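Undergrad: model this:
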Amino acid sequence: MRYAQGGGLTDAERAARERIRLQAVVRFEGGETNREVAAALRVSERSVERWRRAWRERGQAGLLSQGSPGRSRLSETPV
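TA: Sure, this is the predicted structure:
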């Protein structure tokens, strides 16, 4: 998928997706299966699998948005 110039998600879109992931945490803690969570939140089971793994490994912090990746800066000194 290609994004428009400067593409990616806006801050509002990133926040909306983060809210969905945090809703998944409540459902994980409630014992729901990946299929149930995916159906309730209208996302793919594969996404829920990734979220559950991140939640198990890093807790709720593993599902928080990392923000805009911005421009990569490998070095401050020119070559």
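Undergrad: just the CA coordinates of the one helix or strand Val25 maps to, formatted as CSV?
TA: In this assignment (DSSP states H and E), Val25 forms part of helix 11-29. Provided in CSV are the C-alpha atoms of helix 11-29 (Å, rounded to 0.1, in the frame of the first residue of the first chain):
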residue,chain,number,x,y,z
ASP,A,11,-1.6,11.4,15.3
ALA,A,12,-5.4,11.0,15.6
GLU,A,13,-5.3,7.8,13.6
ARG,A,14,-2.4,6.4,15.7
ALA,A,15,-4.3,7.3,18.9
ALA,A,16,-7.5,5.6,17.6
ARG,A,17,-5.5,2.4,16.9
GLU,A,18,-3.9,2.5,20.3
ARG,A,19,-7.3,2.7,21.9
ILE,A,20,-8.3,-0.4,20.1
ARG,A,21,-5.2,-2.3,21.3
LEU,A,22,-5.9,-1.2,24.9
GLN,A,23,-9.5,-2.4,24.6
ALA,A,24,-7.9,-5.8,23.6
VAL,A,25,-5.9,-5.8,26.9
VAL,A,26,-9.2,-5.7,28.9
ARG,A,27,-10.5,-8.6,26.8
PHE,A,28,-7.2,-10.6,27.3
GLU,A,29,-7.5,-10.1,31.0
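Undergrad: what residues sit buried inside it?
TA: 21, 24-25, 27-28 (16 or more other CB atoms under 10 Å). The C-beta positions use only the backbone N, C-alpha and C, and glycine is treated the same way.
Undergrad: show me the contact partners of that helix.
TA: 9, 36-37, 40-41, 43, 48, 51-52, 55, 60, 63-65, 67-68 (CB atoms under 8 Å, 6 or more residues apart in numbering).
Undergrad: no further queries at this time; thank you.
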